[in-house]
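Engineer: Mind folding the following:
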Amino acid sequence: MNTAPKDILTANDLKQTKPRLLVLEQIMGRDAAVSQPDLEKKLGGEVDRVTLYRTLSTFEEKGILHKIIDGAGTANFAICHSNCTSHHHHDEHLHFNCTQCKKVYCLDIKIPSTTIPKNFTMESIQLMASGICENCNIKS
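Structural biologist: Modelled structure (predicted):
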């Protein structure tokens, strides 16, 4: 997504507050998802924990970010594709958790379609792979 943080907020009918802009700036342009604890550290005294939590929740509800739970149970966030909306996320792709650097990557590999038993309603699906990422493989 090559859109400025201000444009993303405007497109989603959100006020352009400093915390929202700072959070988007920290997440955009990364090659991997960022964890909530890492965001807390990076934003330091500029955005408190409650504001960060509310901002991340709002962005997820609006289809701006999607949440990935890593192997340790930590929430990580990545920018959604432009076709995600508040009504439906289209983040059905493979997430890769590196066991060495602990980064979570969104890989452009679609999850195969699946059917579920009658009377079940699927709201989301995640596929997580773990192993060693490209950067860690190059280092070793």
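Engineer: quick one: contacts of stretch 20-28?
Structural biologist: 1, 5-6, 8-9, 14, 34, 39, 42-43, 46-47, 52, 55-56, 58-59, 64-65, 77-79 (CB atoms under 8 Å, 6 or more residues apart in numbering). (Each C-beta comes from the backbone N, C-alpha and C, glycine too.)
Engineer: what's the least confident helix or strand in the chain, going by average pLDDT?
Structural biologist: Here the helix or strand of the chain ranked lowest by mean pLDDT, DSSP states H and E is strand 104-110, holding a mean of 88.
Engineer: Buried ones in it, by neighbour count?
Structural biologist: Applying a neighbour-count criterion of 16 or more other CB atoms under 10 Å, the buried positions in strand 104-110 are 104, 105, 106.
Engineer: returning to that earlier point: hmm, which of the contacts of stretch 20-28 are the buried ones?
Structural biologist: Applying 16+ other CB under 10 Å to these flags 5, 8-9, 34, 39, 43, 47, 52, 55-56, 58-59, 64-65, 77-79 as buried.
Engineer: Restricted to helices, list those.
Structural biologist: Among the buried ones among the contacts of stretch 20-28, the members found in helices (DSSP state H) are 5, 8, 9, 39, 43, 52, 55, 56, 58, 59.
Engineer: my guess is the third one meets residue 19, correct?
Structural biologist: No. Taking CB atoms under 8 Å as the definition, residue 9 is not a contact partner of residue 19, at 11.2 Å.
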